[in-house]
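> Build me a model:
(chains A and B)
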Number of protein chains: 2
Amino acid sequence: MKARVTVTLKTGVLDPQGQAIEGSLKGLGFSGVTSVRQGKVFDLAFDGSNEEEARASISEMCEKLLANTVIENYAIEILN
Amino acid sequence: MKARVTVTLKTGVLDPQGQAIEGSLKGLGFSGVTSVRQGKVFDLAFDGSNEEEARASISEMCEKLLANTVIENYAIEILN
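Numbering: from 1, shown residues only, chains lettered A, B, ... in the order given. From the prediction side, this is the model:
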């Protein structure tokens, strides 16, 4: 079974890395860019075939390791 | 207009960071995990309303800055 976890900064949390990328894009001539926020994505493969169990297990992984839930949100997408 | 760019390592490219996360997850008791690959996500906001133009412009951003196309793939998703 495969899943994709997307971890993004919560609204309001400063993102200096995103701001640096935005500055670089403008420097390259992409003047229309108004905001860039960077996040992380984790592609997981794991044993098991029950989607509900998988979702619960991945939620726990996010809470414990993959995301810092004080400043980050996470979204889980089961791929098959 | 908003878009999400997802940058992932190409198949076959080593991902030591993903391997470290896999090891940590196993250490936390998630023994069913068989693979973890880490990637990046960029949430962009920009002026303009033509989806085709936006897609072309973001492709160019990926080629020039956001992705290292030697070892990474990118996917563009227009959100509105």
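
> Over to the closest residue to residue A:55 other than its chain neighbours. Which of the three states is it?
Using Cβ to Cβ, 6 or more residues apart in numbering or on different chains and skipping the chain neighbours, the partner closest in space to residue A:55 is residue A:76 (5.9 Å). For glycine as for every other residue, the C-beta is placed from the backbone atoms N, C-alpha and C. Here residue A:76 takes the strand state, with states given by DSSP: H, G, I helix; E, B strand; the rest coil.

> Go ahead and confirm residue A:76 touches residue A:2.
No: at 11.6 Å, residue A:76 does not count as touching residue A:2 under the criterion of Cβ atoms under 8 Å.

> Show me which of the two is the more surrounded one.
When residue A:76 and residue A:2 are compared for neighbours, residue A:76 comes out ahead with 19 against 14, by other Cβ atoms under 10 Å in any protein chain shown.

> Give the bridge partners for that one, please.
residue A:5 (DSSP bridges).

> pLDDT score for it?
Listed pLDDT for residue A:76 reads 97.

> what's it in contact with, if anything?
A:3-5, A:55, A:58-59, A:62 (Cβ atoms under 8 Å, 6 or more residues apart in numbering or on different chains).

> near chain B, which residues of chain A show up?
A:6, A:8, A:18, A:21, A:24-25, A:28, A:30, A:32-48, A:57, A:60-61, A:64-66 (Cβ under 8 Å from any Cβ of the partner chain).

> Take the residues you listed and keep only those in helices.
A:18, A:21, A:24-25, A:57, A:60-61 (DSSP state H).

> do you know how far the residue lying farthest from the centre of chain A is from residue B:61?
The C-alpha centroid of chain A is most remote from residue A:29, which lies 27.1 Å away (Cα atoms, centre = their mean). According to Cβ to Cβ, to the nearest Å, residue A:29 stands 10 Å off from residue B:61.
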